[in-house]
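Visitor: please work out how this folds:
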Amino acid sequence: MKMAVTESIASSPAPVRNQADGGLSKSTKGRALRALASVALGALIIPWPAFYNRLPLFYPDSIDYVRAGHFIARTLFLHRPMSYYGLRSSIYSLGILPFVVRGSAWPAVAFQCLLTSFVLWLVFRSIVPHRTASCFLVLIAALSLGSSLSWYGSLMMPDILAPNLFLCVYLLVFARDTLSRAERCLVYFVSWFAIASHGSHLLIVVALALVLAMLAILTRRSLREYRRVAVELAVLIALSLGAQIAVETLANGRLSLNSGRPPFLTVRLVADGPGRWYLEKHCANAEWETCRYLNNLGGNSDHLLWDSNGIWTPASGESRKRILGQERAFAFAVVCAYPLEELEIATTNFWRQLMVFGVTDLRKYSTVVDHIGEALPRERSEYLESPQGQDRLPSKLFSRIQRGLVIASLLGILAFLPKIWRLGSSRLLGLGFVIFSASILNALVTGTLSSVNDRYQSRVIWLVPMLAGLCAVEWMAIRTASVKEEHA
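Guide: Numbering: from 1, shown residues only. This next block holds a predicted model:
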């Protein structure tokens, strides 16, 4: 990453060379050092909740990711097969494994924050190339204090990679001319890693690519220009899927994309109502595996998955395979039987998810208390003594702060939009299009296919205040330039 930042600044359109040593001028080296210092300082500012907590933040899935990385590595590199490899992305589990080998999550969180800081630097530089360092640090500090950026940067989860992915798409589509070759390679890596790290990221980026394709057609952009980006995104998606399939197949000995995943769609349909109505009506004449648990169909999707009197937890290994094997057919049958009801429920869930973006989910979890010692032995006592382990995180306060900031940011964007539109700032308009499209698609995918959860929308909502801040900086820069012209 250090080399990429140095190369990008060193390879500006007309670098000034030092005649004595044939190297870069002192001013160019100074800009490179300022860039490195800014990115590093940004990476230190972002995880302030982890510093406040005296430990990175944990969600129940965090433990599964860490343990799965150890299990998969033992199989791939030590040829010691395991019977269980977790329920999550094997690529993310392996990706963070080098940073948790000594039983601490701090290096993994530092890695995520450094990637985030660097991607944000590239985005800020593409909008405000002449005052990047000052604007970057001011906006990073404001976002870290007033939005969920810092909370999800401090969380041992792939959630922070979703907004990174969307910003990488913006860089490749609207600001690729601001990237050096090394920076493009890093953007490719972050995009690949983010896509492979969570199933929702894959679905959202595919939908986002289609939305951008429609935008290119409507605005009559050069097809050759968009074709290159489309090929890049397609290759990144294919490589992400290929890596996930390869790891799962090598670990399990059979072709698979994610053999351990729960039947999220099935339990969502049942929890919403139409799936339960369909089973109650057809179990007498159909061979749905879920019919075995007809008396356990009450409650929400979390209950159906994780409680002992639900669907998934009490099921045997063979029963789970049959439930997963029937999932698509079951979803199709339910939607055909109750199309209007399912559409109404899905629309309601989408809207609820779009409006729910607090950080209140980051509380103490009994699952973490029970199993953190197995995955991260050094951190069990620290977790119990931390503010999160004692339910003393000020997450509710910051949820209220974020809601106010998002509302103010939306009003600010509406105020700045006519000015930005008249000035024709294509990068800023492109960034806004990507952010709002991705935020809507994020709510659509997570709200309709999973449960409505603060965490899903909160992981990306901080992009809205970021956009408002960049609009304000761009407007002030243009206003300052116009004043100087008047006085000239």
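Visitor: neighbours around Ile478, how many?
Guide: With neighbours defined by other Cβ atoms under 10 Å, the count for Ile478 comes to 14. In short, each C-beta sits where N, CA and C put it, glycine included.
Visitor: using the three-state scheme, assign it.
Guide: Counting by DSSP: H, G, I helix; E, B strand; the rest coil, the backbone at Ile478 sits in helix.
Visitor: could you find the closest non-adjacent residue to it?
Guide: Leu423 (6.3 Å; Cβ to Cβ, 6 or more residues apart in numbering).
Visitor: isn't that neighbour right next to Cys471, touching?
Guide: No: assessed by Cβ atoms under 8 Å, Leu423 is found out of contact with Cys471, at 11.0 Å.
Visitor: who has more neighbours, these two?
Guide: Each of Leu423 and Cys471 has its neighbours counted (other Cβ under 10 Å); Cys471 has more, 23 against 13.
Visitor: give me every residue that touches the more buried one.
Guide: Applying Cβ atoms under 8 Å, 6 or more residues apart in numbering to Cys471 gives the contacts Gly412, Ile413, Phe416, Leu417, Ile420, Leu428, Gly432.
Visitor: distance of Arg459 relative to Asp302?
Guide: Distance, Arg459 to Asp302, by Cβ to Cβ, to the nearest Å: 18 Å.
Visitor: ok so, going back, same list (the contacts of Cys471) but as TSV, adding pLDDT and secondary structure.
Guide: What follows is the contacts of Cys471, written out as TSV (pLDDT from 0 to 100; DSSP: H, G, I helix; E, B strand; the rest coil):
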residue	pLDDT	secondary structure
Gly412	92	helix
Ile413	92	helix
Phe416	83	helix
Leu417	81	helix
Ile420	74	helix
Leu428	90	helix
Gly432	93	helix
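Visitor: closest one of these to Val267?
Guide: Gly432 (35.8 Å; Cβ to Cβ).
Visitor: tell me who's in contact with the closest one.
Guide: Ile413, Leu417, Leu467, Cys471.
Visitor: please repeat the previous calculation with a cut-off of 6 Å.
Guide: Neighbouring residues of Gly432 by Cβ atoms under 6 Å, 6 or more residues apart in numbering: Leu467.
Visitor: please list all residues in contact with the residue minimising distance to the centre of the chain.
Guide: In the chain, the centroid-proximal residue (Cα atoms, centre = their mean) is Ala162; its distance is 1.7 Å. Ala162 sits next to His201, Arg459, Val460 when contact means Cβ under 6 Å, 6+ apart.
Visitor: what subset of those is buried?
Guide: His201, Arg459, Val460 (16 or more other Cβ atoms under 10 Å).
Visitor: got any ranges where the stretch 101-250 of the chain has weak pLDDT?
Guide: Regions of the stretch 101-250 of the chain meeting the criterion pLDDT under 70 cover residues 220-225.
Visitor: low pLDDT regions in the stretch 251-400 of the chain?
Guide: 252-260.
Visitor: phi, psi for Leu57 please.
Guide: With angles defined as degrees, to the nearest 10, Leu57 sits at phi -80, psi 150.
Visitor: likewise Arg363?
Guide: Torsion angles, degrees, to the nearest 10, at Arg363: phi -120, psi -170.
Visitor: how is the chain partitioned into domains?
Guide: 4-8+23-259+357-483, 264-345 (automatic domain parsing).
Visitor: same list, these, but as a markdown table with distance to Trp351 please.
Guide: Below are those laid out as a markdown table (distance: least, Cβ to Cβ, whole Å):
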| stretch | distance to Trp351 |
| --- | --- |
| domain 4-8+23-259+357-483 | 8 |
| domain 264-345 | 11 |
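Visitor: so which of those is the most packed in?
Guide: Of all these, domain 4-8+23-259+357-483 carries the top mean neighbour count, a mean of 19, counting by mean count of other Cβ atoms under 10 Å.
Visitor: compute the distance between Leu167 and Ala175, please.
Guide: Distance, Leu167 to Ala175, using Cβ to Cβ: 10 Å.
Visitor: cool, Lys281 as well?
Guide: 53 Å.
Visitor: go on, Val369?
Guide: Taking Cβ to Cβ, one finds Val369 at 44 Å from Ala175.
Visitor: and if you look at Thr75?
Guide: 41 Å.
Visitor: and Ala230, by the same measure?
Guide: Taken as Cβ to Cβ, the span from Ala230 to Ala175 is 17 Å.
Visitor: ok, Gln112 next?
Guide: Taking Cβ to Cβ, one finds Gln112 at 22 Å from Ala175.
Visitor: would you map the helices across the stretch 101-250 of the chain?
Guide: 106-127, 132-146, 149-153, 161-174, 181-197, 199-218, 223-252 (DSSP state H, counting those that start in this stretch).
Visitor: which one of the ones you listed lies closest to Met476?
Guide: Nearest of the helices of the stretch 101-250 of the chain to Met476, taken as Cβ to Cβ: helix 132-146 at 9.7 Å.
Visitor: and that closest one, what does it pack against?
Guide: Contact here means 3 or more Cβ pairs under 6 Å, 6 or more residues apart in numbering; DSSP states H and E; on that basis helix 132-146 packs against helix 26-45, helix 106-127, helix 463-487.
Visitor: quick check, distance from that helix to the centre of its chain.
Guide: Remark: helix 132-146 is offset 20 Å from the chain centroid, using Cα atoms, centre = their mean, to the nearest Å.
Visitor: got it, and stretch 458-471?
Guide: 14 Å.
Visitor: now do stretch 375-395
Guide: Counting by Cα atoms, centre = their mean, stretch 375-395 comes out at 24 Å from the chain centroid.
Visitor: swap in stretch 72-79?
Guide: 27 Å.
Visitor: next: stretch 126-133.
Guide: For stretch 126-133, the distance to the chain centre is 25 Å (Cα atoms, centre = their mean).
Visitor: can you give me the end-to-end distance of that stretch?
Guide: By Cα to Cα, to the nearest Å, the extent of stretch 126-133 from end to end equals 12 Å.
Visitor: give the contact list for Arg181.
Guide: So Arg181 contacts nothing (Cβ under 6 Å, 6+ apart).
Visitor: Tyr188 versus that one, what's the distance?
Guide: 11 Å.
Visitor: and the contacts of stretch 101-118?
Guide: Outside stretch 101-118, the residues touching it (Cβ under 6 Å, 6+ apart) are 1, 39, 42-43, 46-47, 50, 56, 96, 99-100, 153, 156, 160, 164, 190, 376-378.
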